[in-house]
Each structure stands twice: as C-alpha cells, then as structure tokens.
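Student: fold the following for me, if possible:
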Amino acid sequence: MKTVLITGANKSIGFETARQLLQQGYYVYLGSRDMQKGQQAVSLLQAEGLTQVESIVIDVDNPDSIKAAREVLGQKTSVLDVLINNAGISGSLPQTALETEIGAFRQVLETNFFGVIEVTQAFIDLLRQSTEPRIVNVTSGLGSLTLHSDPAWKYFAVKPTAYVASKAALNAYTIVLAHNLQDTPFKVNAVDPGYTATDFNHHSGPGTVPDAAARVVKAATLGPDGPTGQFFSDDNAPETGISPW
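Tutor: Predicted coordinates for the structure are as follows:
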C-alpha cells in the first residue's frame, strides 16, 4: 500500500485530496497544524468507511513542528511514496507592490515557499525509499510570470503581490527540484487546482473542490512514464493542461 503525506489537509482541497487518494487505496497521513482539527477530519473520513488514514500534526511555519512530524512519521513507516505540499495562505488583502508591509510578504512566503522547502527537505529521505516517489507542490495560476505579463490574460488585473511572489518562487523551486532529481524515479510537479470555491477566497471561485482535488491527485499518481518538472493548470491551459511559467 502506497503512503502519502498531505500538508494542510484538514479541510477544503487538501481534505478532498485525502479522500480521493484513500478511495484509490493509498494510506494517508493527514497533515494539520491543529491536532483537534486533524482528528476531526480523520473521523469524518473514517465515518465514510475510509479507514486507512491518521492525523499528523505539522505546522509548515514552524521548523520544530516539521522536525517533530518527521520523527513521528518515521516511527510509523520507513517509506513515503507521495508528498503533497498543499498548505498555503493568501495573506491579508489588498496587496500592492508599494503599500504592502514587508511583514506581510514574509508571512506569506514563510508558509507558501519556505515551508515547502523545509518540509520537502525533512521528508526526502523517506521519499527516496519509494520505488515511485512523487512530490506535488500545490501552486496557483497566479504564479505564472508569463501570464502576468499578458494583458489579454483573464486574470491580468488580479495581482495580490505577496501571494503572486510566493507562488512564483514556489514554481521556481519546483523547476530546480525536478532538475536535481531528474536522474531518479522522482516525479516533481506544480499543480494549479484552479479558481475554486473555498474558504481561501470566501467561496468566490467558480470551480468545485472535487475537481480541484482531482487535479492534485492526478499528479500524485503519475506512472513511471509521467512528466516531471511541469506546471499543470487546466484553468490557464485547458487544451494542453500545461501552463507557461
């Protein structure tokens, strides 16, 4: 049975991703920074008959929490097949290049960028024990610098600066990580789940949580011939599914 760790999985897209992977036979370690919320999420899944799941406390903003989560997971399994870096924040809005305080930039980057790096580095040894390791970095279409430079793009006017910077940085990290692991069985990709109706955006998005999670699951379950170092986005590129960086 393959194993997967999903950060920020006690609700929304992360929770639905856990559900769909459980339905495909994965053993899910459901990451949540709050123990009670994580346990509540696990109970909901178990009530559906999806029992191969347990909660792992992990706060991606806290290096000590990440280290503790690695120690706990290491006591439960010697192999991690999939890491889904899903935890993320938008930061307070609006965000402009000149008025947004530097502290707001640091807060968003801490979660969306530095947190991903620390989690990936902490769990890479367990991932290396897998025969088909997968790393999925949940990004956003707003992380595309190419599209942000195109006045014809449908989201051209949407520029929350700190969030855009954090996801663009995450995309850059994904490219380099995939390159560093190119001669291994790893598949490392960034996935834009699309503009989805969640708490993240006050349920303003037109997309559904199941559809968004399905995009993440697709990247998490790629076969040995699947691509690596890609930016998947059905929203930005409905014909090819591959967004420009």
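Student: what segments of the protein are strands?
Tutor: For the chain, the strands defined by DSSP state E cover 3-6, 27-32, 53-57, 82-85, 134-138, 187-191, 231-232.
Student: could you dump those to CSV with distance to residue 153 and mean pLDDT?
Tutor: (Glycine included, C-beta is placed from N, CA and C.) Formatted as CSV, the strands of the chain follow (distance: least, C-beta to C-beta, whole Å; pLDDT from 0 to 100):
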stretch, distance to residue 153, mean pLDDT
strand 3-6, 30, 99
strand 27-32, 33, 98
strand 53-57, 38, 98
strand 82-85, 25, 99
strand 134-138, 21, 99
strand 187-191, 18, 98
strand 231-232, 15, 98
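Student: can you list those in a markdown table and add distance to residue 238 and mean neighbour count?
Tutor: Formatted as a markdown table, the strands of the chain follow (distance: least, C-beta to C-beta, whole Å; neighbours: other C-beta atoms under 10 Å):
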| stretch | distance to residue 238 | mean neighbour count |
| --- | --- | --- |
| strand 3-6 | 26 | 26 |
| strand 27-32 | 29 | 25 |
| strand 53-57 | 32 | 20 |
| strand 82-85 | 23 | 28 |
| strand 134-138 | 19 | 27 |
| strand 187-191 | 15 | 27 |
| strand 231-232 | 12 | 24 |
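Student: which of those sits closest to residue 209?
Tutor: strand 134-138 (12.9 Å; C-beta to C-beta).
Student: wait, residue 33 sits on residue 57?
Tutor: Yes: between residue 33 and residue 57 there is a contact under C-beta atoms under 8 Å: 6.9 Å.
Student: so the most centrally placed residue in the chain versus residue 43, what's the distance?
Tutor: Nearest to the geometric centre of the chain sits residue 86, at 2.5 Å (C-alpha atoms, centre = their mean). To residue 43, residue 86 is 20 Å away according to C-beta to C-beta, to the nearest Å.
Student: in the protein, where is pLDDT below threshold?
Tutor: Low-confidence segments of the chain (pLDDT under 70): 197-206.
Student: which stretches of it form helices?
Tutor: Under the criterion DSSP state H, helices of the chain are mapped to 12-23, 35-47, 63-76, 102-109, 115-127, 145-148, 161-180, 209-220.
Student: perfect, I'm done here.
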